[in-house]
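[1] Here is my input; please provide its structure:
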Amino acid sequence: MPGPGYTMEVELGKIREFARATKSSNPDYLAADRPVSPATFLATSALWSSGAGFPWDEVDGGKDIELGRVLDGGQEFVFHGEPPRAGTRLVARARIAADYVKEGRRGGSMRFIEVVHEFRTPDGRPVADLRKTFIVTGQPPALAGQETDR
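    This next block holds a predicted model:
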């Protein structure tokens, strides 16, 4: 079940700021009219989602996860056409795609939670999917791999 939705405005100034911050010299991102957004621009949706970007309620024990034990496991972007241009309004929903546990090489478990954000136009046309992987360590990262006497 998808989490609550949120709206993301693809703004001209934000595209340019993002392109400059990532040191891109691609002229398509600086075009005067309606520049196309950089491929990884949709990662900024976390700033738009106000908590709707991660459907914690769908995760077993999600509200009890210590954020200090959460690591970024990567992200992948899939576009269903060109990346959105400035002036585009996107409607997004996040859903849990997978939630599984693996044993670490140094002992302890690692929980992998894969979240997919589906970006669509207001009329429902698919624009892109952003797949993010979160890794929840069995112990705080500072202690991972260290022997403890406890």
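
[2] where does the residue nearest the centre of the chain land in three-state SS?
    Closest to where the C-alpha atoms of the chain average out (Cα atoms, centre = their mean) is Lys132, at 4.7 Å. With DSSP: H, G, I helix; E, B strand; the rest coil as the basis, Lys132 sits in strand.

[3] Does it touch Ala98 like I think?
    No - look at Lys132 against Ala98 with Cβ atoms under 8 Å: they stay out of range, at 11.3 Å. In short, each C-beta sits where N, CA and C put it, glycine included.

[4] OK, contacts around Asn26?
    Ala19, Pro38 (Cβ atoms under 8 Å, 6 or more residues apart in numbering).

[5] Next: Asp129.
    Phe77, Val78, His80, Val116, His117, Glu118, Phe119.

[6] At which residues are the helices of the chain located?
    Assigned by DSSP state H, the chain shows helices spanning 12-21.

[7] can you give me the strands for it?
    6-9, 70-79, 89-103, 109-120, 126-137 (DSSP state E).
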